[in-house]
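# let me see the structure of the following:
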Amino acid sequence: MGAAVGNGPAVMDAEAFVRGFERGWGSPGSAEEAAARFDELLDPDIRLIQPQLPDLVGRSAARSGFFEPLFTLLPDARATVERWAARDDTLFIELTMSGTLGGRPASFRACDRITLRGPVAVERESYIDPIPLLATVAARPRAWPAFARYQLALLRHRRQRRRSR
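Numbers count the residues shown, from 1 in each chain. Coordinates of the predicted model:
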């Protein structure tokens, strides 16, 4: 379900982006596969903003700082678009991210605000309450190693980022 205010190229770009977003998250795979599916949707200098993580700039940073840690935590991560809305160059996508955590299903809700330049995203800011996901991790001892690997992946990304400056 989606809604767009106005018509013309901006609305068509938003609709096309949402279809690509759904294809990108529709089939689980590896972090590398997911990142590759999003390459055509993301500007080379994409800026990603999300809670609990440093801001990321560029497709390479998206791979190492977002996709790799996410797939470390949820190896079969996928997202379902619940609804979306667009106006001018701004698109909101409400989604449910799901996957396996500690051997059992887990999910959390998020809303992404995406700024489009034509058919590609130049900025994505994700709004999420991490407490439900952290509570799920805390309640599942089998998830603790994956969460520790997730934290280590974030730490590796931060170190690489500092070295490249």
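# hey, what's the residue lying closest to D89 once chain neighbours are set aside bridged with?
Nearest residue to D89, sequence neighbours excluded (CB to CB, 6 or more residues apart in numbering): L116, at 5.0 Å. C-beta: built from backbone N, CA, C; applies to glycine. For L116, the residues forming beta bridges with it (DSSP bridges) are A121.
# neighbours around L116, how many?
Close neighbours of L116, defined as other CB atoms under 10 Å, add up to 21.
# hang on, it packs against A16?
No - between L116 and A16 no contact is recorded; they are 9.6 Å apart, counting by CB atoms under 8 Å.
# now do the contacts for the residue nearest to D89.
Contacts for L116 were tallied using CB atoms under 8 Å, 6 or more residues apart in numbering; they are 10, 13-14, 17, 89-91, 122.
# again with P69
Taking CB under 8 Å, 6+ apart as the definition, contacts of P69 comprise 53, 150, 153-154, 157.
# now, of those, which are buried?
When burial is judged by neighbour count using 16 or more other CB atoms under 10 Å, the buried members of the contacts of P69 are 53, 150, 153-154, 157.
# export those to JSON lines and tack on distance to T80, pLDDT and secondary structure?
Converted to JSON lines, the buried ones among the contacts of P69 look like this (distance: CB to CB, whole Å; pLDDT from 0 to 100; DSSP: H, G, I helix; E, B strand; the rest coil):
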{"residue": "L53", "distance to T80": "22", "pLDDT": "77", "secondary structure": "coil"}
{"residue": "Y150", "distance to T80": "21", "pLDDT": "82", "secondary structure": "helix"}
{"residue": "A153", "distance to T80": "24", "pLDDT": "79", "secondary structure": "helix"}
{"residue": "L154", "distance to T80": "25", "pLDDT": "78", "secondary structure": "helix"}
{"residue": "H157", "distance to T80": "26", "pLDDT": "74", "secondary structure": "helix"}
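# list the helices and strands the helix or strand that contains D43 packs on?
D43 belongs to strand 42-49 when elements are defined using DSSP states H and E. Using 3 or more CB pairs under 8 Å, 6 or more residues apart in numbering; DSSP states H and E as the contact criterion, the secondary-structure elements in contact with strand 42-49 are strand 56-57, helix 59-62, strand 120-127.
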